[in-house]
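Trainee: Return atomic coordinates for the entry below.
(one chain, ligands or ions: 1)
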Amino acid sequence: EIGLQYGADRLGKRYDAAMQKFRENRLGAFIHWGLYAIPGGEWNGQVYNGAAEWLKSWAKVPAEEWLQLMKQWNPQNFDAKKWAKMAKDMGVKYVKITTKHHEGFCLWPSKFTEYTVTNTPYKKDILGELVKAYNEVGIDVHFYFSVMDWSHPDWRYSIKNQEDEIAFQRFLAFTDNQLKELATRYPTVKDFWFDGTWDESIKKNGWWTAHAERMLKELIPGVTVNSRLRADDYGKRHFDSNGHLMGDYESAYERRLPDPIKDLQVTKWDWEACMTLPENQWGYHKDWSLSYVKNPVEVLERIVHAVSMGGNMVVNFGPQADGDFRTEEKEIAKAIGKWMQKNGECIYACDYAGWEKQDWEYYTHKKNSVYMIVFNRPYSKQLTVKVPKETQIINAVLLNGEKMKVTETARNEYNVGVPKQDFQEPFVIKLEIKSSKTSTNKYQEALT
Ligand SMILES: C[C@@H]1N[C@@H](C(=O)NCc2ccccc2)[C@H](O)[C@@H]1O
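Mentor: Prediction:
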């Protein structure tokens with residue numbers, strides 16, 4: 001291993017209570033809300049099908065013109081309690097909120113920039129209202145924070161000369177001030193999810209990313225920080241030059257997931273994926289007909305896929321400029337909540353089972369139960385289960401209590417029957433297992 005000053009501060013997973021809670025939460029929601037919700041993907045009569053929160057970039061709008069949108073920021077239908085109820089009913093255990101996205105507009109009354117909610121017709125501290133409302137219903141709040149800040153004159157993509165260097169160090173000091181502000185104003189925050197950290201300027205300042213993680217952990221004991229913040233002494237990101245994960249969980253799975261057969265290495269560390277409903281859109285876009293919108297089962301499939309590999313999943317919502325949510329998002333949240341109400345036992349506090357994946361889809365594991373979450377109902381009416389050596393299935397029940405037939409079909413192989421009723425939605429079978437040394441060898445090995 002090479003010596004690093006700004007590499008991983010810790011090897012292996014964290015097992016303190018705060019990280020256990022982060023891990024056991026499993027299902028979260030993302031909220032992407034900012035000035036970009038006002039134009040909703042359209043600028044000067046042209047609609048862009050790229051990410052709506054990147055409209056400033058697509059339409060090449062200068063910062064001072066873009067920030068004029070603050071004059072229109074007045075979400076009259078914003079009701080933090082309603083947002084909290086929607087999240088509670090969806091069954092999410094935490095919500096990640098964009099405190100400041102790349103545009104530089106702050107949802108809290110920051111003292112270090114004029115581009116905040118204070119200087120809008122709305123005036124009030126939106127972030128404070130949300131932290132209070134979510135916490136009141138037992139939902140943890142995580143902060144999304146974009147280091148890249150298009151509103152700040154000292155932001156640099158790269159450091160070409162001494163002038164850049166001096167400006168960027170001022171920018172990092174400004175960022176420290178905002179992070180300290182967030183950590184001290186909202187001490188119940190549980191996580192910082194950094195974004196906008198891929199540019200040369202940050203990779204050349206790995207020291208600052210290590211300092212930012214350490215500063216937040218001093219200010220808020222137990223707080224978690226994502227790997228995307230981190231660059232090491234040599235500009236290596238997420239994993240340091242010795243291959244060790246930096247931060248507390250890997251955060252590279254954005255709109256994609258690890259392969260359930262080829263990428264089993266991710267089960268060795270904590271990780272969190274995030275996903276959108278229409279492919280490109282995190283912020284509010286007025287026209288969702290421009291791309292495919294995932295249906296509830298497709299969202300569930302991604303949630304279960306992540307948990308089956310020992311990860312968390314965060315489903316994104318992009319509220320409207322008026323502070324209400326579009327109907328499609330309310331419907332998805334309701335459908336997910338309905339399924340989670342019945343089947344959440346196979347998600348919350350569950351982890352990777354380590355069993356060989358089958359075509360009917362995913363396993364999750366908790367204590368001495370293994371859950372089968374069936375997305376693909378086989379015409380054979382038999383669900384193949386290959387167990388690890390010296391493992392026996394004691395019994396199998398549907399989460400509604402219906403007993404399922406279990407037939408041993410070969411060494412360490414079983415068939416589990418499917419429910420009589422076709423629920424027209426993914427269903428969950430809970431297997432009670434025990435390890436058994438005495439495996440009868442009634443099955444002969446083939447001679448080939
Ligand atoms: C969590 C997401 N990360 C931000 C982002 O900048 N992603 C990188 C990206 C944005 C637009 C086109 C390609 C790649 C998006 O705007 C969301 O905040």
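Trainee: From now on I want contacts and neighbour counts done on CA atoms only, so please keep to that.
Mentor: OK.
Trainee: Now do the SS call for E213.
Mentor: Classification of E213 by DSSP: H, G, I helix; E, B strand; the rest coil places it in helix.
Trainee: That one: what's its closest spatial neighbour, skipping adjacent residues?
Mentor: Setting aside the residues directly before and after it, E213 is nearest to V225 in space (C-alpha to C-alpha, 6 or more residues apart in numbering), at 6.6 Å.
Trainee: tally of neighbours for the one you found?
Mentor: 26 (other C-alpha atoms under 10 Å).
Trainee: which SS class is the nearest residue to K204 once chain neighbours are set aside?
Mentor: Leaving aside its sequence neighbours, K204 sits nearest to G235 (C-alpha to C-alpha, 6+ apart; 5.9 Å). Recorded secondary structure, G235: coil (three-state DSSP).
Trainee: Need phi/psi at G235.
Mentor: phi 80, psi 10 (degrees, to the nearest 10).
Trainee: and what of the one 5 residues further on?
Mentor: In terms of degrees, to the nearest 10, the main-chain angles of D240 are phi -80, psi -180.
Trainee: Do I have it right that it meets M246?
Mentor: Yes: D240 lies in contact with M246 (C-alpha atoms under 8 Å); the separation is 6.6 Å.
Trainee: hey, what's in contact with both of the two?
Mentor: Contact with both D240 and M246 is made by residues G7, A8, according to C-alpha atoms under 8 Å, 6 or more residues apart in numbering.
Trainee: The residue nearest to E213 reaches W193, doesn't it?
Mentor: Yes: counting by C-alpha under 8 Å, V225 does reach W193; the two are 6.1 Å apart.
Trainee: per-residue confidence for the residue in the stretch 301-448 of the chain that the ligand sits nearest to?
Mentor: For the stretch 301-448 of the chain and the ligand, the shortest gap (C-alpha to the nearest ligand atom) falls at N316, measuring 8.8 Å. Here, the pLDDT recorded for N316 equals 98.
Trainee: Regarding it, what is its secondary structure?
Mentor: strand.
Trainee: ok, now Y144?
Mentor: Classified using three-state DSSP, Y144 is strand.
Trainee: Buried residues of the lengthiest helix in the chain, list them for me.
Mentor: Using DSSP state H to define each element, the chain has its longest helix at helix 162-185. By 16 or more other C-alpha atoms under 10 Å, the buried positions in helix 162-185 come out as 164-165, 167-169, 171-172, 175-176, 178-179, 181-183.
Trainee: ok, so what distance separates L130 from the ligand?
Mentor: Using C-alpha to the nearest ligand atom, to the nearest Å, L130 is found at 19 Å from the ligand.
Trainee: So E24: helix, strand or coil?
Mentor: helix.
Trainee: Now it: closest residue in space that isn't a chain neighbour?
Mentor: A349 (3.8 Å).
Trainee: got a list of what that neighbour touches?
Mentor: R23, E24, N25, R26, K366.
Trainee: same thing but 10 Å
Mentor: 20-27, 307, 310, 364-367 (C-alpha atoms under 10 Å, 6 or more residues apart in numbering).
Trainee: Of D240 and M246, which one has the most company?
Mentor: Higher neighbour count among D240 and M246: M246, with 29 against 20, using other C-alpha under 10 Å.
Trainee: quick one: the more buried one and F192, what's the gap?
Mentor: Using C-alpha to C-alpha, to the nearest Å, M246 is found at 14 Å from F192.
Trainee: what do the two both touch?
Mentor: E213, V225, N226, L229.
Trainee: beta partners of the residue lying closest to W193 once chain neighbours are set aside?
Mentor: Using C-alpha to C-alpha, 6+ apart and skipping residues adjacent in sequence, the residue nearest W193 is Y144, 4.6 Å away. Beta-bridge pairing of Y144 under DSSP bridges involves T98, W193.
Trainee: C274 versus Y144, what's the distance?
Mentor: From Y144 to C274 the distance is 12 Å (C-alpha to C-alpha).
Trainee: Same question for G128.
Mentor: 24 Å.
Trainee: repeat for M70
Mentor: From M70 to C274 the distance is 28 Å (C-alpha to C-alpha).
Trainee: Pull up the overlap in contacts between V225 and W193.
Mentor: H142, F143, S251.
Trainee: Return the member of those nearest to the ligand.
Mentor: S251 (9.7 Å).
Trainee: who's in contact with the closest one?
Mentor: 193-195, 225-229, 238, 270-274, 312.
Trainee: List phi and psi for it.
Mentor: Dihedral angles for S251 - degrees, to the nearest 10 - are phi -130, psi 50.
Trainee: same thing with the one 10 residues further on?
Mentor: The phi and psi values for I261, taken as degrees, to the nearest 10, are phi -110, psi -50.
Trainee: list the contacts for it?
Mentor: By C-alpha under 10 Å, 6+ apart, the residues touching I261 are M309, E356, K357.
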